[in-house]
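>>> coords please:
(one chain, ligands or ions: 1)
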Amino acid sequence: MSELEDLVANARAAFQNAADGATLENEKARFLGKSGVLTEKLKAVGKLDPALRKTEGARINRAKEAIEALLHERRQALADLHMQKRLDEEAIDVTLPGRGRAMTGLHPVTRTWHRIEEIFRSMGFDVADGPEIESDWMSFTALNNPENHPARSMQDTFYVDYRDSSGLFYNLRPHTSPMQVRYARMHTPPIKVIAPGRTYRVDSDATHSPMFHQVEGLWIDEAISFADLKGVYTTFLQRFFETEDLKVRFRPSFFPFTEPSAEIDMAFSSGPLKGRWLEISGSGQVHPSVVRNMGLDPESYMGFAFGSGIERLAMLRYGITDLRLFYEGDLRFLRQFA
Ligand code: PHE
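Numbering: from 1, shown residues only. Modelled structure (predicted):
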């Protein structure tokens, strides 16, 4: 065997023995590197007799090419091995049994929200959804609450740093009442709807959260009176709490968008909360100016509206005393409703 053939055989053996990429690259340097055996040989060609240079140079280059081919082959083989090893290690046994799903449940506020929808649907109310980022006009002005009127501070809200092309500015809605006007403008009487959803106020303590939920109710037709409000709301409470053993009272109050206005209070006639009056909703006959903003003639149409706190209802139903529990995400609390 010629010296060059020996060299190729040595390289083959060395590459074959290299068990990983780093070792292989070291072996490569020994043969093909700057001071590798082949490079030295090529350098020496220059010193040869001119007649021999060409043939000797070509022989060495052929050997070099052969070694390079061996190197590529081995590199590829090592890469394949590596991939195969990963595939084997990371294989997923699809025949193994699953881990099973944890029991999940709806949040108590969501449950309450669904329950409210169900009850009002059964009484013929539509259910509507509206934007949480609301124009100042819808949140206040359309509801007979003019700019700079002190009653606006009843619902101190979060303003959004944006004005649309008509100069309206926006807030995170402080109540669901804008839905009265939004919905009425898109429908014709009789208008009978509830609009549950998230609302926001600058407020935070055991019974107030900066984000909370309300459900708005609205019934407008030719002759819907306060008596209808009493009937509908009392029926709702009886169904919601699954008892007729409760009292409801309408306490005079003020809202710019209703006249007359009332707070709705309720008290259980038995149980741990027996006899304690609890405020659960604002309400009233829709103010004629608001009826006009709905695009209706207040001489022909009238009706009631109410806005109730969903958390309040949930707290009463489940006997929860701190509203913040709803939003802390503590599973020990939440699991009780699963
Ligand atoms: N929007 C009022 C509030 O958030 C509640 C309300 C709704 C009162 C509808 C009257 C009629 O306090």
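
>>> Every contact and neighbour count from this point should use C-alpha atoms.
Fine.

>>> roughly how far apart are Ser166 and the ligand?
25 Å (C-alpha to the nearest ligand atom, to the nearest Å).

>>> Could you check how far Ser122 is from the ligand?
Between Ser122 and the ligand the computed distance is 21 Å (C-alpha to the nearest ligand atom).

>>> what are the phi and psi angles of that residue?
phi -70, psi -20 (degrees, to the nearest 10).

>>> So which residues on the stretch 151-300 of the chain come close to the ligand?
When proximity is defined by C-alpha under 6 Å from any ligand atom, the stretch 151-300 of the chain lies next to the ligand at 175, 177, 255, 258, 282-284.

>>> which element is the residue of the stretch 51-200 of the chain found nearest the ligand on?
Here the stretch 51-200 of the chain gets closest to the ligand at one residue, His175, 4.6 Å apart by C-alpha to the nearest ligand atom. Under the criterion DSSP states H and E, no helix or strand holds His175.

>>> Make a markdown table out of the residues of the stretch 151-300 of the chain next to the ligand and add pLDDT.
Formatted as a markdown table, those follow (pLDDT from 0 to 100):
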| residue | pLDDT |
| --- | --- |
| His175 | 94 |
| Ser177 | 97 |
| Phe255 | 94 |
| Thr258 | 97 |
| Gly282 | 97 |
| Ser283 | 98 |
| Gly284 | 98 |
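
>>> Leu313 is in contact with Arg111, isn't it?
No: Leu313 is not in contact with Arg111 according to C-alpha atoms under 8 Å; the separation is 11.0 Å.

>>> The two: who's more crowded?
Leu313 (23 against 15; other C-alpha atoms under 10 Å).

>>> Now do the contacts for the more buried one.
Neighbour list for Leu313: 112, 280 [criterion: C-alpha atoms under 8 Å, 6 or more residues apart in numbering].

>>> so how far is Ala142 from it?
To Ala142, Leu313 is 28 Å away according to C-alpha to C-alpha, to the nearest Å.

>>> Check His187 too.
17 Å.

>>> Which one's more surrounded, the two?
Taking neighbours as other C-alpha under 10 Å, His187 and Ala142 compare with Ala142 leading, 22 against 12.

>>> before we move on, what SS does the more buried one have?
helix (DSSP: H, G, I helix; E, B strand; the rest coil).

>>> So for it, what's the pLDDT?
Ala142 carries a pLDDT value of 95.

>>> which other residues reach the lowest-mean-pLDDT helix or strand in the chain?
Lowest on mean pLDDT, DSSP states H and E among the helices and strands of the chain sits strand 158-163, with a mean of 84. Outside strand 158-163, the residues that touch it by C-alpha under 8 Å, 6+ apart are 169-174, 200-202.

>>> Within its sheet, name the partner strands of that strand and how each one runs.
Sheet pairing for strand 158-163, assigned by DSSP bridges, gives strand 169-172 (antiparallel).

>>> Check the offset of the stretch of helix or strand Glu311 belongs to from the chain's centre.
Using DSSP H and E, Glu311 sits in helix 310-318. How far helix 310-318 lies from its chain's middle: 24 Å, per C-alpha atoms, centre = their mean, to the nearest Å.

>>> All set now, cheers.
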